[in-house]
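Undergrad: Sharing a sequence plus its predicted fold:
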Amino acid sequence: MSHIAVERNRRRQMNEHLKVLRTLTPSFYIKRGDQASIIGGAIEFIKELQQVLHSLEAKKKRKSLSPSPTPSPRPLLQLTPSPTSSSPDTVKELGACCNSPVADVEAKLSGSNVLLRTLSKRIPGQVVKIITVLERQAFEILHLNISSMEDTVLYSFVIKIGLECQLSVEELALEVQRSFCEEIGYPRSLGE
């Protein structure tokens with residue numbers, strides 16, 4: 001009899017925790033109301049928050065060291081654990097960052113797709129400018145996620161590389177960065 005009571009109490013606590021988790025997670029992260037969707041959505045939301053925190057910390061550190069209005073792309077070779085492998089081996093993820101006081105732009109290759117993230121202050125119409133850059137360069141947008149906190153916004157794109165695309169990830173990061181710089185009047189030739 002005590003085993004049944006313990007199990008009932010455990011299920012009650014799990015349901016309470018899931019309700020709290022669901023209320024703390026924005027609804028667009030949770031596709032359905034089942035437990036797996038709630039937990040999966042919360043994980044995605046936490047990952048986005050970690051990215052925002054990391055970018056804000058990097059931006060704060062950069063501003064304290066030397067604020068420069070000219071962005072320059074830098075290659076990024078990062079070792080990350082392979083999510084599909086059960087072994088502790090690592091996988092190389094090739095990408096580029098192009099940061100300025102206006103925006104941080106990061107582009108990473110992931111199979112036949114590119115993960116593109118931008119972090120900046122809210123600029124009206126900026127997401128349309130980024131989409132225009134991507135479409136002009138023969139990228140197909142598969143997914144767009146927008147996260148905001150106060151006056152800061154994080155755009156996360158998953159884009160498919162088109163057959164006609166001739167850009168490297170460094171060039172892509174620079175092109176997207178230029179779309180931000182044009183907004184405040186920086187010249188287009190910043191990274192050249």
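TA: Noted; the coordinates are in hand.
Undergrad: In contact with Ala173, which residues?
TA: Pro73, Ala96, Cys97, Cys98, Val105, Glu106, Ala107 (CB atoms under 8 Å, 6 or more residues apart in numbering). C-beta here means a position set from N, CA and C on the backbone, and glycine is covered the same way.
Undergrad: Cross those against strands and list the overlap.
TA: Pro73, Ala96, Cys97, Cys98, Val105, Glu106, Ala107 (DSSP state E).
Undergrad: Would you mind listing the residues in contact with the fifth one?
TA: The neighbours of Val105, taking CB under 8 Å, 6+ apart as the test, are Pro71, Cys97, Cys98, Asn99, Leu116, Arg117, Thr118, Ala173, Val176, Gln177, Phe180.
Undergrad: 7 Å - rerun?
TA: Cys97, Cys98, Asn99, Thr118, Ala173, Val176, Gln177 (CB atoms under 7 Å, 6 or more residues apart in numbering).
Undergrad: just those residues now: which is nearest Arg12?
TA: Of all the contacts of Val105, Arg12 sits closest to Thr118, with 42.9 Å by CB to CB.
Undergrad: what secondary structure does the closest one sit in?
TA: strand (DSSP: H, G, I helix; E, B strand; the rest coil).
Undergrad: Over to Pro101?
TA: Relying on three-state DSSP, one would call Pro101 coil.
Undergrad: Provide the count of other residues in contact range of it.
TA: Neighbour count of Pro101, defined by other CB atoms under 10 Å: 18.
Undergrad: Ok, Ser37 next?
TA: Neighbours around Ser37, by other CB under 10 Å: 14.
Undergrad: Let me know whether it touches Lys31 as I believe.
TA: Yes. With contact defined as CB atoms under 7 Å, Ser37 and Lys31 form a contacting pair (5.1 Å).
Undergrad: which residue sits closest to Gln177 in space, ignoring its chain neighbours?
TA: Counting by CB to CB, 6 or more residues apart in numbering, Cys98 is the residue found nearest to Gln177 once chain neighbours are left out, at 4.3 Å.
Undergrad: Mind splitting the protein into its structural domains?
TA: Following the TED database, one finds the domains of the chain at 7-62, 95-181.
Undergrad: Rebuild those as CSV, extending it with mean pLDDT and distance to Met1.
TA: Below are those laid out as CSV (pLDDT from 0 to 100; distance: least, CB to CB, whole Å):
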stretch, mean pLDDT, distance to Met1
domain 7-62, 84, 11
domain 95-181, 84, 48
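Undergrad: State the distance from Glu140 to Lys160.
TA: For Glu140, the distance to Lys160 equals 4 Å [CB to CB, to the nearest Å].
Undergrad: would you say Tyr155 is within a strand?
TA: Yes. Judged by three-state DSSP, Tyr155 forms part of a strand.
Undergrad: Identify the residue spatially nearest to it, adjacent ones excluded.
TA: Leaving aside its chain neighbours, Tyr155 sits nearest to Thr118 (4.7 Å; criterion: CB to CB, 6+ apart).
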